[in-house]
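J.: Below: sequence and its predicted model.
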Amino acid sequence: MIIKLQAGINHTHHQHLLDAIGNKGFKVNEIKTQTSTYLVCIGKAEVDLRTFGHMPGISDIFHVSDEYKLVSRKWKTNYTQIDLGDNVIIGDGNLSIMAGPCSIENEQQVLNTIQHLKDNNVKIMRGGVFKPRSSPYAFRGLGIDGLKMWYQLCKENGIKIITEVMQVSQITDMYEYVDVFQVGARNTQNFNLLDELGKVDKPVMIKRGISGTIEELLYSAEYVFSAGNEKIVLCERGIRTYEKASRNTFDINAIPLLKDKTHLPVIADPSHGIGIREFVEPIALAAAVAGADGIIYETHEIPEKAASDGQQTLNFAESAQLIRKLNSLSAIRD
């Protein structure tokens, strides 16, 4: 059961409500977010919502059987929209496009990518400055100085950025220079990191774990929401299976399933989903048809010279072609 409290509920009404819920055998978790206060009530017994619904101080009350309650669509039937400012919104019915290199390499690369995005009316740039690499000898990013350079150039050109945060200690330093924090597949169940991201007033995109289930992804989102942050985006990026023909097995089923189970926006990552450049476009288009709220993919002026993930990165001509096709699909989607 979820109870949404009225703004400014007085102490007496608040305490009476807590007492009444406790007397029915429920454990009460009070969640304060950027916009609202909720009581998430956990108990085994079924209860008639009218038992509490008449009490003063309640804005709304919902029965939610899912274990992941706050991110469930059973209480919030309208889909969440994430406003990044400057008319850049994720989940408003349009298809959001996020494109950029796997790794931020230098200032000229950033400027070239910004120009490519502006030429194609893309408002969000992806990129990594802290890179989790399988090999300790691979390029691992420019760090906070690279982030500051990248963010400033994007801000001057009206571009929002999304980038990965890898550990709790990075959040404070990154906060001022990030529009969307990304939680990578390796950190999807780093619950300490998720808890801390729940305390910030910046959107968070959570990628599905390397072998994670849909339910586990929703639980990860619940951690962020229950810590106070409602600005959450989910990302399907493929999972590890027995198949070796592609980098991952992109789960197209996950997109409509997530849209049914949660009110949060759902983004598709075809670059990591398949890991093969020539197949990124068809997977991206399939994800858009399946109902994704956006596509995030990798592009580089010369992928063969990219510091990382060149094999799954589109060049600018391929990227422009994909954007045109995605825009055409976006115009005809229901």
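T.: Nice, thanks for sending it over.

J.: Check the gap between the nearest residue to Ile58 once chain neighbours are set aside and Gly25 for me.
T.: Leaving aside its chain neighbours, Ile58 sits nearest to Ile3 (5.9 Å; criterion: Cβ to Cβ, 6 or more residues apart in numbering). C-beta coordinates here come from the backbone N, C-alpha and C atoms, glycine included. Going from Ile3 to Gly25 by Cβ to Cβ, to the nearest Å gives 15 Å.

J.: Specify which residue of those two has the higher count of neighbours.
T.: Taking neighbours as other Cβ atoms under 10 Å, Ile3 and Gly25 compare with Ile3 leading, 23 against 12.

J.: Shouldn't the more buried one be within a strand?
T.: Yes - under DSSP: H, G, I helix; E, B strand; the rest coil, Ile3 sits within a strand.

J.: Pull the contacting residues for it.
T.: Leu17, Ile21, Tyr38, Leu39, Cys41, Phe52, Ile58, Asp60, Ile61, Phe62 (Cβ atoms under 8 Å, 6 or more residues apart in numbering).

J.: so of those, which ones are in helices?
T.: If you go by DSSP state H, the contacts of Ile3 have Leu17, Ile21, Phe52 in helices.

J.: And those, which is closest to Lys76?
T.: Phe52 (18.6 Å; Cβ to Cβ).

J.: List the contacts of that closest one.
T.: Counting by Cβ under 8 Å, 6+ apart, Phe52 makes contact with Ile3, Leu17, Ala20, Ile21, Ile58, Ile61.

J.: quick one: the second one from Arg50, how far?
T.: According to Cβ to Cβ, Leu17 stands 14 Å off from Arg50.

J.: neighbour count winner among those two?
T.: Taking neighbours as other Cβ under 10 Å, Leu17 and Arg50 compare with Leu17 leading, 20 against 8.

J.: can I assume the more buried one is in contact with Gly57?
T.: Yes - using Cβ atoms under 8 Å, Leu17 is in contact with Gly57, at 6.0 Å.

J.: Show me whatever sits in contact with both of the two.
T.: Contacts common to Leu17 and Gly57, judged by Cβ under 8 Å, 6+ apart, are Leu5.

J.: Could you measure from the nearest residue to Pro265 once chain neighbours are set aside over to Asn112?
T.: What sits nearest to Pro265 in space, not counting adjacent residues and going by Cβ to Cβ, 6+ apart, is Gly91, at 3.5 Å. Between Gly91 and Asn112 the computed distance is 29 Å (Cβ to Cβ).

J.: How about Asn78?
T.: Distance from Asn78 to Asn112, by Cβ to Cβ: 39 Å.

J.: Which one's more surrounded, those two?
T.: Set Asn78 next to Asn112 and count neighbours by other Cβ under 10 Å: Asn112 wins out with 16 against 7.

J.: residues contacting the residue lying closest to the more buried one once chain neighbours are set aside?
T.: Closest residue in space to Asn112, ignoring its immediate chain neighbours: Glu301 at 5.1 Å, by Cβ to Cβ, 6+ apart. Counting by Cβ under 8 Å, 6+ apart, Glu301 makes contact with Gln109, Asn112, Thr113, His116, Asn315, Phe316.

J.: what's the closest residue to the fifth one other than its chain neighbours in contact with, if anything?
T.: With Cβ to Cβ, 6+ apart as the criterion, Asn315 has its nearest non-adjacent residue at 5.6 Å, and that residue is Pro303. Pro303 is in contact with Arg277, Gly310, Gln311, Thr313, Leu314, Asn315, counting by Cβ under 8 Å, 6+ apart.

J.: In helices only, show me those residues.
T.: Arg277.

J.: For the contacts of Pro303, name the two members farthest from one another.
T.: Gln311 and Asn315 (12.4 Å).

J.: Could you work out the end-to-end span of stretch 23-32 for me?
T.: With Cα to Cα, to the nearest Å as the measure, stretch 23-32 spans 23 Å from end to end.

J.: returning to that earlier point: from Val180, how far off is the residue nearest to Ile58?
T.: 30 Å.

J.: can you list the residues that contact stretch 28-48?
T.: So stretch 28-48 is contacted by 1-5, 7, 9, 17-18, 21-22, 24-27, 59, 69-70, 201, 225-226, 228-231 (Cβ under 8 Å, 6+ apart).

J.: Of these, select the buried ones using a PyMOL command.
T.: The following PyMOL line selects those of the contacts of stretch 28-48 that are buried, judged by 16 or more other Cβ atoms under 10 Å:
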select buried, resi 1+2+3+4+5+17+21+26+69+70+225+226+228+229+230+231
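
J.: Poorly predicted segments of the stretch 101-250 of the chain, please.
T.: In the predicted model of the stretch 101-250 of the chain, residues 131-140 satisfy pLDDT under 70.

J.: residue ranges of the helices in it, please?
T.: With DSSP state H, counting those that start in this stretch as the criterion, the stretch 101-250 of the chain has helices at 107-119, 143-156, 168-175, 191-197, 214-226.

J.: what about the last one, distance to the chain center?
T.: Averaging C-alpha coordinates over helix 214-226 and over its chain gives two centres that are 11 Å apart (Cα atoms, centre = their mean, to the nearest Å).

J.: That concludes my questions; thank you for your assistance.
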